[in-house]
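Q: my questions are about this predicted structure, shown below with the sequence.
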Amino acid sequence: MTKNTIQSIKGFKDILPDEVGYYDFIENVIAHVTEQYSVSQIRVPIIEKTELFNRSIGNDTDIVNKEMYDFIDKNGDSICLRPEGTVSIIRCALEHNLIYDRGVKKQKFWYYGPMFRHEKPQRGRFRQFNQFGIEYFGFKNTESDIEIIFLLNLIFERLSIDNGITLHINSLGTKEDRLNYKNIIKQHIDKNIGKLDDNQKKTLKNNPLRLLDSKSENMIDILEGIPPLYDILSTESKSRYDLLLKKLDSMKIQYIHNNTIVRGLDYYNDTVFEWRHELLGSQNAICAGGRYDNLVEELNQTPVPAIGFAMGIERIVEILKHVNQSLSEIYNIIPIINITSENNTYCALQCRELREIMPQKRFFNTDSTSSLSSQLKHAMKMNSHFIILITDENIKDSSFTVKTHANKMNDIIVTKDKLLEMLSKLHDDDCSVQDELDDDFETPGEPDE
Ligand code: HAM
């Protein structure tokens, strides 16, 4: 990079070819699971009127107070890069009569795309980041909360990141419950007010609930002994939450009831949840959301119960990089090494045929101008379980040379039919070929028993 090269903006990151595959993988899993649950996709613009978020997210939230990418456009209108998707989806759904048309329409939507928040960049926190989100409209009972949890568990399983994830769940009750609880927080802190710094005093005044999820030690000490929000929930909210937890218990769904989950956006009521992963640092929430049964009414005087969540894709990518050694393993890429002295046309045609016969498999041709050892090194990096080689000998008898993990990566010579059989038995989630298959082959140089 030369001295004068213009660089990207702080908090905005490039996604390079090495990383794009992780995004593709996540997007594929999302597309499949949302299809299985019959959730429809909505694509909304990245820019909205600033007023939309100011009216819905809450004036005392960090997002509206200091994180909005808002500006005046050439027409003099105040517009902003969307900080989240929920409110845009509601705007779109109301504008096109998707959730209310002389009565509530039940709908399930998903969306995916970049969101923008002017936050302090750090590990797992960017100014542009991608969210996948789901919003259910018209569903009020606890089954909808549970369906969302099921759907997410399936996604985590398909991504193979389910180990290390914990679901934290809480109930924020009704608006009145929260007002009562805010007073309880204020009373509890009153005698220690002198110990609060300026920021904490501001939060106490504007949004005292947020003090509950503070990580600062003095606040944790000060809040010691405060009765949990659960204790003052209205009868209806308490019995709804109790019923939800009872159902989760009976279905053996693991969760932690966490009184400090209060959420950074103001529109929630009753169920709120957050999924955290142990491999991440302080920004360990990979997915969060809850019910917002009053938001649609606040925006449009039409009461539509709703629940949803959004998942931070960059955080999932970080976990995938830890959990799976490489992208090639996720994708099960099969390297093809060409070590023929000159007949590249033959190899090109063979590779084309393999791709035609097995469109679901991914083949990668290594650089045939490199030496065998460097091609092998490259191939092993991609897939240390299954490699195809084409040699001059193979051209002569229309065979292939294969190295498999089960055969200790020794060369085995196979016919094209056998190669196709082996490839078709190559497990998608495990690159090894069934051992019995390998038993059929003779490794050159190894004596017969
Ligand atoms: P949120 O908690 O603000 O909720 O964001 C959801 C998820 O987006 C977080 O758990 C995190 O994984 C990811 N995320 C948030 N901010 C950043 C950032 N600066 N950098 C990287 N990842 C980030 C919402 O956005 C709600 N709209 C969720 C919802 C949908 N509630 C109901 N429906």
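A: Yes, it's here.
Q: in the stretch 251-400 of the chain, what residue is nearest the ligand?
A: Gly312 (2.3 Å; C-beta to the nearest ligand atom). Yep, even glycine has a C-beta here, placed from its N, CA and C like the rest.
Q: how about that residue, phi and psi?
A: Dihedral angles of Gly312 (phi, psi; degrees, to the nearest 10) stand at phi -90, psi 110.
Q: Phe364 now?
A: Phe364 adopts backbone torsions of phi -130, psi 120, taken as degrees, to the nearest 10.
Q: how about the contacts made by the residue of the stretch 251-400 of the chain closest to the ligand?
A: Residues in contact with Gly312, defined by C-beta atoms under 8 Å, 6 or more residues apart in numbering, are 124, 129-131, 285-287.
Q: among those, which are within reach of the ligand?
A: 129, 131, 285-287 (C-beta under 6 Å from any ligand atom).
Q: in space, what's closest to the residue nearest the centre of the chain - neighbours in sequence excluded?
A: Centroid check for the chain by C-alpha atoms, centre = their mean gives Ile313 as the closest residue, at 4.0 Å. In space, and not counting its chain neighbours, Ile313 is closest to Asn130: 3.9 Å by C-beta to C-beta, 6 or more residues apart in numbering.
Q: what's near enough to touch the one you found?
A: 23, 112-115, 312-314.
Q: shouldn't Met401 be within a helix?
A: To be clear, residue 401 is Thr; Met isn't right here. No - Thr401 is assigned strand when assessed by DSSP: H, G, I helix; E, B strand; the rest coil, not a helix.
Q: check which helix or strand the residue lying closest to Pro121 once chain neighbours are set aside maps to.
A: Nearest-residue entry for Pro121: Gly11, 4.0 Å, with adjacent residues in sequence omitted and distances by C-beta to C-beta, 6+ apart. Taking DSSP states H and E as the definition, Gly11 sits outside all helices and strands.
Q: I figured Gly11 hits Glu119, correct?
A: Yes - shown here, Gly11 and Glu119 form a contact pair, counting by C-beta atoms under 8 Å, at 7.3 Å.
Q: hang on, the earlier thing: which of the ones next to the ligand among the contacts of Gly312 count as buried?
A: The neighbour-count test (16 or more other C-beta atoms under 10 Å) marks 129, 131, 285-287 as buried among these.
Q: of the residues you listed, which belong to strands?
A: 129, 131, 285-287 (DSSP state E).
Q: any idea how far Lys13 is from Pro114?
A: 11 Å (C-beta to C-beta, to the nearest Å).
Q: identify the contacts common to the two.
A: Overlap of the contact sets of Lys13 and Pro114 (by C-beta under 8 Å, 6+ apart) consists of Gln128.
Q: what are the contacting residues of stretch 232-249?
A: 142, 145-146, 149, 169, 171, 173-174, 176-177, 180-181, 184, 230, 255, 257, 269-271.
Q: please pick the buried ones from those.
A: In those, burial by neighbour count holds for 142, 145, 149, 169, 171, 173-174, 177, 181, 230, 255, 269-271, counting by 16+ other C-beta under 10 Å.
Q: kindly report the residues of the protein close to the ligand.
A: By the rule C-beta under 6 Å from any ligand atom, the part of the chain lying against the ligand is 84-86, 117, 119, 125-126, 129, 131, 133, 135, 264-265, 285-290, 292, 308-310, 312, 314-315.
Q: farthest-separated two in the contacts of Gly312?
A: Asn130 and Ala285 (14.8 Å; C-beta to C-beta).
Q: tell me which residue in the stretch 101-250 of the chain sits closest to the ligand.
A: Phe129 (3.5 Å).
Q: my guess is that residue contacts Met311. True?
A: No - in this structure Phe129 lies outside contact range of Met311 using C-beta under 8 Å: 10.6 Å.
Q: what do these two both touch?
A: Counting by C-beta under 8 Å, 6+ apart, nothing touches both Phe129 and Met311.
Q: all strands for the stretch 51-200 of the chain, in order.
A: Ranges of strands in the stretch 51-200 of the chain, per DSSP state E, counting those that start in this stretch, are 69-72, 78-81, 107-116, 128-137, 165-171.
Q: the third one: how far from the chain's middle?
A: Here the centre of mass of C-alpha atoms in strand 107-116, compared against the chain's by C-alpha atoms, centre = their mean, to the nearest Å, lies 12 Å away.
Q: one step back: what sits against the nearest residue to the residue of the stretch 101-250 of the chain closest to the ligand once chain neighbours are set aside?
A: For Phe129, ignoring the flanking residues on the chain, the nearest one in space by C-beta to C-beta, 6+ apart is Glu314 at 5.1 Å. For Glu314, the contacting residues are 13, 124, 126, 129-130, by C-beta under 8 Å, 6+ apart.
Q: do that again at 10 Å, thanks
A: For Glu314, the contact set (C-beta atoms under 10 Å, 6 or more residues apart in numbering) comprises 13, 15, 19, 22-23, 124-126, 128-131, 283, 286.
Q: which one (most neighbours) among those residues?
A: The most crowded member of the contacts of Glu314, judged by other C-beta atoms under 10 Å, is Ile286 (24 neighbours).
Q: where does the chain dip in pLDDT?
A: By pLDDT under 70, the low-scoring segments of the chain are 1-2, 324-331, 427-449.
Q: domain assignment for it?
A: According to automatic domain parsing, the chain comprises the domains 17-173+255-323, 174-232, 328-438.
Q: highest average neighbour count across those domains?
A: Highest mean neighbour count of the domains of the chain: domain 17-173+255-323, a mean of 18 (counted as mean count of other C-beta atoms under 10 Å).
Q: what is the end-to-end distance of that one?
A: End-to-end distance for domain 17-173+255-323, by C-alpha to C-alpha, to the nearest Å: 19 Å.
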